[in-house]
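Q: Make a model of this:
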Amino acid sequence: MNTPCDALNLDKNPQFLPNATFMKDVQNQRDDRNIPIDKVGVKNLRYPIIVLDRKNSRQHTVASINMYVNLPHSDKGTHMSRFVELLHLFGPEEVSLKGITGVLKEMKAHLNAASAHIEVTFPYFIEKRAPVSGLPGLMDYTCRIIGASDPQDRIDIISEVIVPISSVCPCSKEISDMGAHNQRGEVRLRTRFKKFIWLEDMIELVESCSSCEVYSVLKRVDEKFVTEKGFDNPKFVEDVVRDVSQKLNDDTNITWFSVSAEHFESIHNHSAYAHITMGKNG
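A: This next block holds a predicted model:
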């Protein structure tokens, strides 16, 4: 049974390029430098996608997509147009484990590749209410799904969220008679997992480990709340990554994770940074 992506096989579907037999295909020529290429393909391809939304079932957004395959030492080039054609034939389908796996399989089949790699980066919106006034506002988070298929057809899927946070310096609070310096920060969390995990769950886990969450709408009563909450809950970057790691270690669904925190310092012209990568047995 043919798949929708059989349209990319011009030998089976010559009607797509009726004059192809008269055109020289330079990419199919041999290369004599004897150097294989690990990844070749297209980057920053903007495309509409549908992602699962914990509250609203589905969310429509626009992704920036990178697609790569390996290239053997004997091949001069890959067929760049086929990446775009392949994505178009799948359409703006729901981004899921099954969907990513299908795209990787077709990339390898129709580009005659041993391995394939895809990165889907997109803004994800969550409605958050201000902590005291309850006024709603949309917060946007950068999310990424990274998929790979190796020569043995083993599939690897990584889910990533980039979460803005607020932090207060514990040292500043300890040594100052009045106040403490605070700053916005960013936490990047990547996970491998056994079963599906909501983006919202990953985001909320990170936010719970910050001095205070970041909101899009704040009235004066809310600003007072977040200022005092952060002051009562100071965190170094080291505290943030350790707290996130501790919670992930307690989650049996997570098999591997990578977490980094960067605080954009308010009293320095540089950032503070910490990173932890950890695999889990079982």
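Q: care to break this structure down by domain?
A: 23-153, 158-282 (automatic domain parsing).
Q: can you map out the helices along the chain?
A: For the chain, the helices defined by DSSP state H cover 80-90, 97-110, 170-175, 199-208, 220-232, 237-249.
Q: Those helices: which one's closest to Pro72?
A: Nearest to Pro72, of all the helices of the chain, is helix 97-110, at 12.7 Å by CB to CB. (Glycine included, C-beta is placed from N, CA and C.)
Q: From Lys128, how far out is Glu262?
A: 22 Å (CB to CB, to the nearest Å).
Q: again with Asn112
A: For Asn112, the distance to Lys128 equals 47 Å [CB to CB].
Q: And the two? Which one has more around it.
A: Lys128 (18 against 12; other CB atoms under 10 Å).
Q: Bridged to that one, which residues?
A: Gly137 (DSSP bridges).
Q: Kindly state the beta-bridge partners for the residue nearest to Ser245 when sequence neighbours are not counted.
A: Closest residue in space to Ser245, ignoring its immediate chain neighbours: Ile276 at 5.1 Å, by CB to CB, 6 or more residues apart in numbering. Note on Ile276: beta-bridge partners Val259, judged by DSSP bridges.
Q: so Ile276 makes contact with Arg242?
A: Yes - Ile276 lies in contact with Arg242 (CB atoms under 8 Å); the separation is 7.3 Å.
Q: quick one on the thing from earlier: now render the helices of the chain as JSON lines, adding distance to Ser271 and mean neighbour count.
A: Listed next are these as JSON lines, based on distance: least, CB to CB, whole Å; neighbours: other CB atoms under 10 Å:
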{"stretch": "helix 80-90", "distance to Ser271": "35", "mean neighbour count": "17"}
{"stretch": "helix 97-110", "distance to Ser271": "32", "mean neighbour count": "18"}
{"stretch": "helix 170-175", "distance to Ser271": "16", "mean neighbour count": "13"}
{"stretch": "helix 199-208", "distance to Ser271": "17", "mean neighbour count": "19"}
{"stretch": "helix 220-232", "distance to Ser271": "18", "mean neighbour count": "15"}
{"stretch": "helix 237-249", "distance to Ser271": "9", "mean neighbour count": "18"}
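Q: I'd like those helices laid out as CSV, including mean pLDDT and distance to Val69.
A: Formatted as CSV, those follow (pLDDT from 0 to 100; distance: least, CB to CB, whole Å):
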stretch, mean pLDDT, distance to Val69
helix 80-90, 86, 8
helix 97-110, 88, 6
helix 170-175, 95, 48
helix 199-208, 98, 27
helix 220-232, 97, 46
helix 237-249, 97, 32
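Q: which residues does the residue nearest to Ser245 contact?
A: 241-242, 244-245, 258-260 (CB atoms under 8 Å, 6 or more residues apart in numbering).
Q: switch to 7 Å and redo it
A: Ile276 makes contacts with 241, 245, 259, as judged by CB atoms under 7 Å, 6 or more residues apart in numbering.
Q: Which one of the domains of the chain has the poorest average confidence?
A: The stretch with the lowest average pLDDT out of these is domain 23-153, scoring a mean of 89.
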